[in-house]
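Enquirer: Predicted model follows, preceded by the sequence.
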Number of protein chains: 2
Amino acid sequence: MSDLAADIHQRLLERGETVATAESLTAGLVGAELTRVAGSSATYRGGVIVYATELKAQLAGVPGDLLAARGPVDREVAAAMAVGIRERIDATWGLSLTGVAGPDPQDGKPVGLVFVGLAVAGRTPAVAELMLSGDRAAIRTGAVAAALALLRDTLAAAE
Amino acid sequence: MSDLAADIHQRLLERGETVATAESLTAGLVGAELTRVAGSSATYRGGVIVYATELKAQLAGVPGDLLAARGPVDREVAAAMAVGIRERIDATWGLSLTGVAGPDPQDGKPVGLVFVGLAVAGRTPAVAELMLSGDRAAIRTGAVAAALALLRDTLAAAE
């Protein structure tokens, strides 16, 4: 995955763009991966780890009524997290992850269900829905890889 | 380090306490480590990744004049990050990290210099100053281990 992070860093650097993250089940793994690259402070601004449900509203700007209606593991919540963190941290791109790492289902959602959101100004946020298998560690690693791939592929398609 | 995280989770669970994180050079690694443990949502609330300097004020509550006077890698800034994140996320403990992962010095501070802060209500925040050696990855890993050890040892001493 460090190749993906390096690729993202290089593409953002060439475009003069930045990224911010809002993570739930991965709890910082995406931020950690993006900053393995030396010089990443030029392209990664920071993020929030919104592990407790209410922090998704407080720190990532998810509307409280949406969060109450849908629960934390939801397509629209992922989109709102990506939009919210992009605006709050003033980055070009907002990347979000919410899902169920297990071992137990959460709020009626199955283990392995993950939503990855990606927001940029002037475009409807993209959301990828994943159903990952494996244990807690494998689901978290798979979610990180999917988030990085979504950002990298979107940057590549924009060139 | 997962033993340390499991130990912390168990101690916090028994005490009915929680922790929040504010990370700079580790960019989410401490949050990720604390949440490797199944059931960690009972003891880990969330955190902020304040990679860009100004986010230490905006998201972690470091006073702007302190940040301007001392720069981001500083003992008092680490203390303010720990106090600030504890209050903003409403956790029992606030754990913070700021330092220079390298490869280059930052704001006149040498590669490997790291401050770890730990705050709890009614007590002056503790700050550990580290001078870590090795490459970027080794410095980040060493910082995570030191932060977890500071929290674990403080919890153990309180029993």
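Expert: Alright, I've got the coordinates. Please read all numbers here as calculations on a predicted model, not as lab measurements. Numbering: from 1, shown residues only, chains lettered A, B, ... in the order given.

Enquirer: Can you report how many residues lie near residue A:133?
Expert: 9 (other C-beta atoms under 10 Å in any protein chain shown). (Each C-beta comes from the backbone N, C-alpha and C, glycine too.)

Enquirer: so what's the backbone phi/psi at the nearest residue in space to it that is not next to it in sequence?
Expert: What sits nearest to residue A:133 in space, not counting adjacent residues and going by C-beta to C-beta, 6 or more residues apart in numbering or on different chains, is residue A:112, at 5.8 Å. The phi and psi values for residue A:112, taken as degrees, to the nearest 10, are phi 100, psi -10.

Enquirer: which ones are touching residue A:112?
Expert: A:99, A:100, A:102, A:130, A:131, A:132, A:133, A:134, A:139 (C-beta atoms under 8 Å, 6 or more residues apart in numbering or on different chains).

Enquirer: Can you select the buried ones among those for me in PyMOL?
Expert: To isolate the buried ones among the contacts of residue A:112 in PyMOL, judged by 16 or more other C-beta atoms under 10 Å in any protein chain shown, type:
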select buried, chain A and resi 99+100+102+130+132+139
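
Enquirer: Filter the contacts of residue A:112 down to just the ones in helices.
Expert: residue A:139 (DSSP state H).

Enquirer: Same list (the contacts of residue A:112) but as CSV, adding distance to residue B:4 and pLDDT.
Expert: Shown next, in CSV, are the contacts of residue A:112 (distance: C-beta to C-beta, whole Å; pLDDT from 0 to 100):
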residue, distance to residue B:4, pLDDT
A:99, 25, 98
A:100, 25, 97
A:102, 22, 93
A:130, 30, 98
A:131, 32, 98
A:132, 27, 98
A:133, 28, 97
A:134, 24, 97
A:139, 22, 98
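
Enquirer: which one of the contacts of residue A:112 sits closest to chain B?
Expert: Distance to chain B, by C-beta to the nearest C-beta, is smallest for residue A:102 among the contacts of residue A:112, at 7.3 Å.

Enquirer: List the contacts of the closest one.
Expert: Counting by C-beta under 8 Å, 6+ apart, residue A:102 touches A:111, A:112, A:135, A:136, A:139, B:38.

Enquirer: export the residues you listed to JSON lines and tack on distance to residue A:55?
Expert: Below are the contacts of residue A:102 laid out as JSON lines (distance: C-beta to C-beta, whole Å):
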{"residue": "A:111", "distance to residue A:55": "21"}
{"residue": "A:112", "distance to residue A:55": "22"}
{"residue": "A:135", "distance to residue A:55": "25"}
{"residue": "A:136", "distance to residue A:55": "20"}
{"residue": "A:139", "distance to residue A:55": "20"}
{"residue": "B:38", "distance to residue A:55": "20"}
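
Enquirer: surely residue A:109 meets residue A:101?
Expert: No: applying C-beta atoms under 8 Å as the test, residue A:109 and residue A:101 come out as separate, 11.2 Å apart.

Enquirer: Show me the two of the contacts of residue A:102 that sit farthest apart.
Expert: A:112 and B:38 (14.3 Å; C-beta to C-beta).

Enquirer: Taking chain A, what residue is nearest to chain B?
Expert: residue A:28 (2.3 Å).

Enquirer: Give me the pLDDT for that residue.
Expert: What the model reports as pLDDT for residue A:28 is 98.

Enquirer: and the gap between it and residue A:22?
Expert: Relative to residue A:22, residue A:28 is positioned 11 Å away (C-beta to C-beta, to the nearest Å).

Enquirer: Those two: which has the busier surroundings?
Expert: For residue A:28 versus residue A:22, neighbours defined as other C-beta under 10 Å are more numerous around residue A:22 (34 against 29).

Enquirer: Three-state assignment for that one, please.
Expert: Following DSSP: H, G, I helix; E, B strand; the rest coil, the label given to residue A:22 is strand.

Enquirer: where does it land on pLDDT?
Expert: 98.

Enquirer: who does it bridge with?
Expert: Under DSSP bridges, the beta-bridge partners of residue A:22 are residue A:48, residue A:96.
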